[in-house]
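In: Predicted model and sequence follow; I will ask about them next.
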Amino acid sequence: MMMGCCAASNTVLAAVCVLVCFRTTYGYYGQSDSCMTEVKEQLEILTNEVSRLADARLPQKHNVTLDPVTLLSVERHPAPSRNTFTVNFTMNVPQIYWFVSSYTEETVLETEVQNADGHSSISLSCDPDECTLTISDTNQSSTMRLVLFGHGNEPLVQDEFTVPSLTIKHDSDLVYQPGSDVKVTIITPSKGMQETFPILRYSIKMIDENGSRFEEKSGSEWVQQIEETKYLRSKETTLRVKTSRHPVSGFLVLSLLHRDRLAPIVKDLEVTHSVVLKPKGQRGPFPDGFMFFPGLSRSQHTTEKMCEIETNCTLNCSAVGGFMKDLQIYRLLSNGEKQRVTNGSQ
C-alpha cells in the first residue's frame, strides 16, 4: 500500500519514497507509521525547494555574516598538569579581542598572539579537562567560541572544522514602528535531508525599560519563533521580536552551535552575530546620551600586549553607548591624584 502511494508521485519523489519505505519493510511492528511520517517530511522539503526555485527570480535582501577569524588548525600539546593549545587562523577583521574560560579559576598560564605571513595564532595553557576560547571583533558584534577538549596524553592536530554559517534575510538594521513587532528570518545550513541542523539560539541585548542599564533577555516573552521551513540543504527560521510589548533598543543576538563529540579537539563550535534593533527615528542601537560601563573579565585579551611596568601599555575599557569620543587617559598616582597621559595614542 505504501509502495503504491509512492509510485503515484513523479520519478524523483518515488525514488525518495521507495528508499525510505523499503528499509523498514522487515522491521518491528509500528515502523511503517514512522516511515510514513519521514516520507511526508521529505516530501514537504522537496515541495519547499520547488517553491523556492519559483521565487528565485525575485530580488532578495540578504545579509551574509562574517566571522572574526577563519580557522586553519588547532594543536594540543599535553603536559602532566596542563595542556597547551595553539589555535591558528587568519583574521577577517582589523583587530580581535579574545578571552578564555574554564572550570577552574586559574586557567591561562601563557597567552600570546603572533602574526606572520597573514596568519595569526593564539597559544594558551589550561586545565586538563576542557577550556573555552572566545574570539570577537572589537565591538563584539561577531564572535566565535571554541570548546577545547583536553583529555588524553598524546599530541593532536585538528584541521577540519564544521563552522556554522548564518545568513540573515534582512539587509540592514531591524527598525520597528512604535506599538508594532519586528520580524526577521535566519537561514542556517545543512548537509542533506539526513543531516542535523546546528542549534539556533537567540536573545536580546538591550537597554532596560527604565533606560539605565544594559542587559540580556531571552525567552518567548521577548523573542518568539513563529515559522520554520526546511529545504534540502538549509532551513529558514522566522522570529518575531516583541517590541510592541517591550519597546527596547539594542541588539538581536543570533547564535549557531555545531556540536561534534567525535572531533579530536574542538567539541563545540559556536558563531554569534548581533543585529541592531531600534525604533524608527533613532540613529543607532542606543538613545543619544546613553552610556553604561559593564565589567570586564580578567582573562580578556587583545591582539596587543597587556600592561607591563616601564613599557608601552594597552588599556582596555568596555563601554556601551553611542557616538563616544574625546577619550582622555589619566594615571592614578600613589597620593591619590590623577595625572593626564598626554603621549598616549587612541
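Out: Right, received. Where do you want to start?
In: residue boundaries of the helices in this protein?
Out: For the chain, the helices defined by DSSP state H occupy 2-7, 11-22, 31-54.
In: Quick one: low-confidence residue ranges for the stretch 51-200 of the chain.
Out: Scanning the stretch 51-200 of the chain with the threshold set as pLDDT under 70 gives 51-65, 103-112, 114, 116, 127-128, 191-195.
In: residue contacts, the nearest residue to M291 once chain neighbours are set aside?
Out: Excluding its sequence neighbours, the residue lying closest to M291 (CB to CB, 6 or more residues apart in numbering) is G321, at 3.6 Å. (Glycine included, C-beta is placed from N, CA and C.) For G321, the contact set (CB atoms under 8 Å, 6 or more residues apart in numbering) comprises F286, F290, M291, F292.
In: Also F292?
Out: Listed by CB under 8 Å, 6+ apart, the contact set of F292 reads I207, S212, R213, F214, A319, V320, G321.
In: Tell me how far the second one lies from L72.
Out: With distances taken as CB to CB, to the nearest Å, S212 is found 43 Å from L72.
In: and these two? which has more neighbours close in?
Out: Using other CB atoms under 10 Å, the more surrounded residue of S212 and L72 is L72, with 14 against 10.
In: Let's have the contacts of G321 in TSV, adding distance to I265.
Out: Output for the contacts of G321, formatted as TSV (distance: CB to CB, whole Å):
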residue	distance to I265
F286	39
F290	41
M291	40
F292	37
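In: quick one: which of those is nearest to P264?
Out: The shortest approach to P264 among the contacts of G321 belongs to F292, at 41.2 Å (CB to CB).
In: List the beta-bridge partners for the closest one.
Out: Legend: beta-bridge partners of F292 under DSSP bridges are V320.
In: which residues sit in contact with L166?
Out: Residues in contact with L166 (CB under 8 Å, 6+ apart) are T65, I186, I187, T188, L254, L256, V271, H273.
In: so the third one makes contact with T167?
Out: Yes - look at I187 against T167 with CB atoms under 8 Å: they come within range, at 4.1 Å.
In: which residues sit in contact with the nearest residue to S101 once chain neighbours are set aside?
Out: With sequence-adjacent residues excluded and distances taken as CB to CB, 6+ apart, S101 is closest to T132, at 4.9 Å. If a contact means CB under 8 Å, 6+ apart, then T132 has V100, S101, S102, R145, L146, V147, L148 as its contacts.
In: Quick check: the third one vs P198, distance?
Out: Which is S102. Distance of S102 to P198, given as CB to CB: 24 Å.
In: Strands along the stretch 201-346 of the chain, start to end?
Out: Listed in chain order, the strands of the stretch 201-346 of the chain (DSSP state E, counting those that start in this stretch) span 214-217, 223-230, 234-241, 250-259, 266-279, 291-292, 300-302, 320-321, 330-332, 338-340.
In: just the strands in the stretch 51-200 of the chain please.
Out: Under DSSP E, counting those that start in this stretch, the stretch 51-200 of the chain gives strands at 63-64, 69-78, 83-91, 96-102, 112-116, 119-126, 130-137, 142-149, 156-158, 167-168, 174-176, 182-189, 199-207.
In: Ok, which of the ones you listed comes nearest E236?
Out: Across the strands of the stretch 51-200 of the chain, E236 has its closest neighbour in strand 182-189 (5.5 Å, CB to CB).
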